[in-house]
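In: okay, here's the prediction I keep looking at, along with the sequence it came from:
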Amino acid sequence: MIEEAANGKANRRILVLGSAPHSRHIQAYTWEDVPQDLNVPDYDVVILNLVSLCEHPNTHKISSAGLPDRRQFLQHLLSKGSEVIAVGVPGIPVSDNAYRLRNTWWLPCTIDVRSETGETIERVDKDYSYYFEHVRTWSFYALRAWCDEEDYSEYDLSSISHSADQLKVRMLSIAETRFQKPIAFKLDFSAFSHAHPSARSMLGSGTVIWLPPTTEISPYEAINLILKERYGLCLETISPSWVEMYTLPAQLPIEKEIEHLRSEISERDKRLRDTMERLGSATRFRKLLYEQGEDGLEPVVRDTFRELGAEVEGPKRKGHEDGRFTEHSSWIVKSHGGSPPGVRSLFRS
């Protein structure tokens with residue numbers, strides 16, 4: 001995908017979980033491919049395709065260990081201005097294990113919903129009218145949301161309210177049924193102190209936006225729609241692999257030119273490697289000025305004599321001799337005593 005910034009929202013770091021790819025500049029993963037080291041709080045916006053999490057047969061094998069931890073989402077939401085957009089039906093099981101993991105595992109609250117169907121959609125927030133143009137029917141409505149009485153001490157709620165250790169949640173309707181029940185909603189969280197429950201709560205968390213599944217376009221297209229309309233990203237569809245079977249007349253000479261340039265680059269790379277090797281060989285004799293010892297100096301000395309035209313052998317007994325070379329006069333040079341007539345020492349150990 002290719003994206004262009006259309007407004008300030010396009011500069012926010014966006015993570016998509018549940019469908020991929022969406023843009024080369026946006027991190028997006030299917031539920032089966034979520035990295036183990038993914039850190040949700042690194043992002044400003046997290047978009048969850050929960051339809052694919054509940055409907056795809058392979059996802060029934062996913063355990064809680066393969067999904068981002070609930071604490072990561074809460075840390076993300078504690079950052080003011082952060083957003084989580086969830087697309088799906090709240091409360092659907094995502095696995096058949098003993099814990100009955102549901103698609104709301106990441107929320108710091110419980111949502112009470114009722115499963116019913118209908119077609120009338122009223123009081124749509126104008127900021128989401130683009131989305132509800134693709135929703136013809138609904139399959140649930142929300143009754144309420146509440147935060148369970150639990151210990152939040154492991155989370156730093158002070159970013160919302162000083163000395164806070166508990167959370168409250170407020171639900172705001174985005175779209176409703178004809179009897180004023182929300183089929184899409186926002187969740188805002190406030191923090192307060194359990195020791196002083198009457199003290200004023202402080203709003204300051206990020207926002208959760210829950211949208212129902214689209215009926216006129218696929219969940220993947222719905223995510224693209226959100227990226228385009230809400231965050232101002234101009235998306236160009238990635239070309240599918242089967243397109244490569246079709247060749248346009250204008251591309252043939254360009255492809256040949258590319259191949260020619262690649263060949264030239266490959267040849268230049270080879271020449272560069274050869275030249276670098278020759279340079280290394282030409283400068284290796286400088287080691288005579290500073291190298292020492294058996295592994296440093298002796299190999300360079302032997303190479304020096306080879307360069308001067310002598311036939312050189314390595315030491316037959318290390319520690320007793322350093323090598324042998326034969327000059328054009330056929331002298332044999334050894335480093336040990338008892339040399340025959342016409343033999344001189346090359347270098348002594």
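Out: Sure thing, it's come through.
In: buried residues in the helix ranked longest in the chain?
Out: Longest among the helix segments of the chain by residue count, using DSSP state H, is helix 251-283. By neighbour count on 16 or more other CB atoms under 10 Å, the buried set for helix 251-283 is empty. Bear in mind the C-beta positions are built from the backbone N, C-alpha and C, glycine included.
In: that one packs against which elements?
Out: On a contact count with 3 or more CB pairs under 8 Å, 6 or more residues apart in numbering; DSSP states H and E, helix 251-283 meets no helix or strand.
In: now it: mean pLDDT?
Out: What helix 251-283 shows for mean pLDDT is 88.
In: after that helix comes which helix or strand?
Out: helix 293-307 (DSSP states H and E).
In: tell me what that following helix is packed against?
Out: Using 3+ CB pairs under 8 Å, 6+ apart: helix 293-307 touches strand 311-313.
In: grab the nearest non-local neighbour of W105.
Out: Leaving aside its chain neighbours, W105 sits nearest to R70 (6.1 Å; criterion: CB to CB, 6 or more residues apart in numbering).
In: what residues are up against the one you found?
Out: With contact set as CB atoms under 8 Å, 6 or more residues apart in numbering, R70 has these partners: W105, W106, L107, P108.
In: show me where pLDDT drops low in the stretch 151-300 of the chain?
Out: 151-165, 194-204, 234-241 (pLDDT under 70).
In: so which residues of the protein form helices?
Out: According to DSSP H, the helices that the chain contains are 50-55, 70-77, 129-132, 219-229, 251-283, 293-307.
In: can you list contacts of the shortest one?
Out: Yep, that's helix 129-132 we're talking about. For helix 129-132, the surrounding residues in contact (CB under 8 Å, 6+ apart) are I121, V124, A175, A184, L211, T214, A222, L225, I226, E229.
In: could I get the buried residue list for stretch 211-228?
Out: 211-214, 217, 219-220, 222-227.
In: any idea how far apart the tips of it sit?
Out: 16 Å (CA to CA, to the nearest Å).
In: could you do stretch 282-292 as well?
Out: 19 Å.
In: about what we covered before: which one of the helices of the chain lies nearest to H25?
Out: Nearest to H25 among those is helix 219-229 (10.5 Å), distances taken as CB to CB.
In: hmm, who's touching that closest one?
Out: Defining contact as CB under 8 Å, 6+ apart, one finds that helix 219-229 is touched by 3, 14, 16, 18-19, 22-23, 26, 47, 49, 51-52, 85, 87, 130-131, 134, 211, 213-214, 217, 233-235.
In: off-centre distance for that helix?
Out: 20 Å (CA atoms, centre = their mean, to the nearest Å).
In: neighbours around F285, how many?
Out: Using other CB atoms under 10 Å, F285 has 13 other residues around it.
In: do the same with the one 3 residues further on
Out: By the other CB under 10 Å criterion, the neighbourhood of L288 contains 12 residues.
In: for the residue lying closest to it once chain neighbours are set aside, give its distance to I26.
Out: Distances taken as CB to CB, 6+ apart put V300 closest to L288, at 5.8 Å, once the chain neighbours are dropped. Using CB to CB, to the nearest Å, one gets 56 Å for the distance from V300 to I26.
In: have a look at the two and say which one is more surrounded.
Out: I26 (22 against 15).
In: any idea how far the more buried one lies from Y220?
Out: For I26 relative to Y220 (CB to CB), the value is 13 Å.
In: could you measure from F305 over to F285?
Out: Distance, F305 to F285, using CB to CB: 11 Å.
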